[in-house]
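Student: Please work out how this folds:
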Amino acid sequence: VCVLNSRSVEECYLSLGLIDFEEGIQTAVDTVNEAISNLYQACIYQAVKDVQYDNQRVNRGDFFSLCGKQILQTGESVEAVVIKTVQTVLQEKDSSVLTLFYGAEMSEEYIDILVGKLQDEYPLLEITSVPTCENICDIVLAFETLEASRVKHFLKKDGVMLVNEEKILPMPCIVGSAVY
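Tutor: All right, here's what the predicted structure looks like:
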């Protein structure tokens, strides 16, 4: 029995991609657990009802970002919450590239405005946008490209995904048996 410290579906997918049984099970477990410990993921949702959580009020219709069980930011506009969440994450993580994945119901013009606001706020952050058609989450923040490819199906049609283009190579890529 091997125990991997995954706390989410995204981390589980990452774990499965990193396992190289030819290196030995303990090496695979150690590699996966180390990679998981270095990940940081925040998601942005729209509240469907008024809630009070951890001394923070979130009103119905407001947007809020969540990392694990911690609310990072709240607000009435998705743009403000995205910008404040990116600020919060960048204070904790040193990232320079972000990819914005967005749902089919969001217009390219809207995304251009959001990207422009992020670029105004963070001129050194390289931001690109990519359309997608999946539909579960309003906004997904992923701070590694492989993680983003594994979670993009969670994004609602009108959602936004922000992704750091940093690459964390899975073990099969490191040992040369696969290509990233």
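Student: drop to CA atoms for contacts and neighbour counts, all remaining ones
Tutor: OK.
Student: Please tell me I have it right and residue 167 contacts residue 146.
Tutor: Yes. Between residue 167 and residue 146 there is a contact under Cα atoms under 8 Å: 7.0 Å.
Student: Could you check which of these two is surrounded by more residues?
Tutor: Just comparing residue 167 and residue 146: by other Cα atoms under 10 Å the higher neighbour count belongs to residue 146, 22 against 12.
Student: Spell out the secondary structure type for the more buried one.
Tutor: Under DSSP: H, G, I helix; E, B strand; the rest coil, residue 146 falls in the helix class.
Student: Now do it against residue 169, distance only.
Tutor: To residue 169, residue 146 is 8 Å away according to Cα to Cα, to the nearest Å.
Student: State the next helix or strand along the chain beyond the least confident helix or strand in the chain by mean pLDDT.
Tutor: Least confident element among the helices and strands of the chain, by mean pLDDT, DSSP states H and E: helix 9-18 (a mean of 61). Moving toward the C-terminus from helix 9-18, the next helix or strand (DSSP states H and E) is helix 25-37.
Student: Report the rounded mean pLDDT for that next one.
Tutor: In this model, helix 25-37 has an average pLDDT of 78.
Student: Do you have the strands of the protein handy? List them.
Tutor: Ranges of strands in the chain, per DSSP state E, are 41-46, 51-53, 56-58, 63-67, 70-75, 97-102, 126-131, 137-142, 155-163.
Student: List the pairing partners of the first one within its sheet, with orientation.
Tutor: The strands that strand 41-46 pairs with in its sheet are strand 63-67 (antiparallel), strand 137-142 (antiparallel) (by DSSP bridges).
Student: and residue 82, what does it touch?
Tutor: 44, 65 (Cα atoms under 8 Å, 6 or more residues apart in numbering).
Student: and it, how far is that from residue 173?
Tutor: Counting by Cα to Cα - residue 82 and residue 173 are separated by 32 Å.
Student: Once you drop chain neighbours, what's closest to the one residue sitting closest to the centre of the chain?
Tutor: With distances taken as Cα atoms, centre = their mean, the residue of the chain nearest its centroid is residue 142 (2.1 Å). Counting by Cα to Cα, 6 or more residues apart in numbering, residue 142 lies nearest to residue 163, which is 4.6 Å off, once chain neighbours are set aside.
Student: Would you confirm that that neighbour contacts residue 146?
Tutor: No. Taking contacts as Cα under 8 Å, residue 163 lies outside contact range of residue 146: 9.7 Å.
Student: what's the most buried one of the strands paired with strand 41-46?
Tutor: Comparing the strands paired with strand 41-46 by mean neighbour count (mean count of other Cα atoms under 10 Å), strand 137-142 ranks first with a mean of 27.
Student: Let me know the average pLDDT across that one.
Tutor: 73.
Student: And for stretch 173-180?
Tutor: Computed over stretch 173-180, the average pLDDT equals 75.
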